[in-house]
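**Student:** Quick one, what's the 3D model for this:
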Amino acid sequence: MKIYHNLRCGKSREGLAILQESKLPFEIINYLETQLSTAELTEIIKLLGIPPIDLVRKNEAVWKENYKGKNLSDSEIITAMVKNPKLIERPIVINKGKAVIGRPPELIKSIL
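**Tutor:** Prediction:
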């Protein structure tokens, strides 16, 4: 099991606490420090079963300043998130071929 985590995000910390309480083994990936590759992010999006745009934090300044209002392909959206990992919604938890965005954090329990 993996959690893609941002230490500064309250929802991400709540998601981490749910995993810790589960007593199941998991790996923490601080995606702001360990940049995801295009292939990794594409696989995560596939596991989530959502279009790439649904993983974007659209209120981030970098999105508003550089991408908002543009007609971007899925590939371009993924590239934007790889270059600017702050744009990725968090936390993301992957377990046994299933993935969820922990918003709200309780959604994580659905794949434990």
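**Student:** can you give me the mean pLDDT across the helix ranked longest in the chain?
**Tutor:** Across the chain, the longest stretch assigned as helix under DSSP state H is helix 10-22. Mean pLDDT, computed over helix 10-22, is 97.
**Student:** List the buried residues in stretch 3-13.
**Tutor:** Within stretch 3-13, the residues that qualify as buried are Ile3, Tyr4, His5, Asn6, Cys9, Lys11, Ser12, counting by 16 or more other Cβ atoms under 10 Å. Glycine gets a C-beta too; all of them are placed from N, C-alpha and C.
**Student:** Tell me which residues touch the fourth one, please.
**Tutor:** Put plainly, it is Asn6. The neighbours of Asn6, taking Cβ atoms under 8 Å, 6 or more residues apart in numbering as the test, are Ser12, Asn30, Tyr31, Leu32, Arg90, Pro91.
**Student:** would you list every one of the helices in this protein?
**Tutor:** Counting by DSSP H, the chain has helices at residues 10-22, 38-48, 61-66, 74-83.
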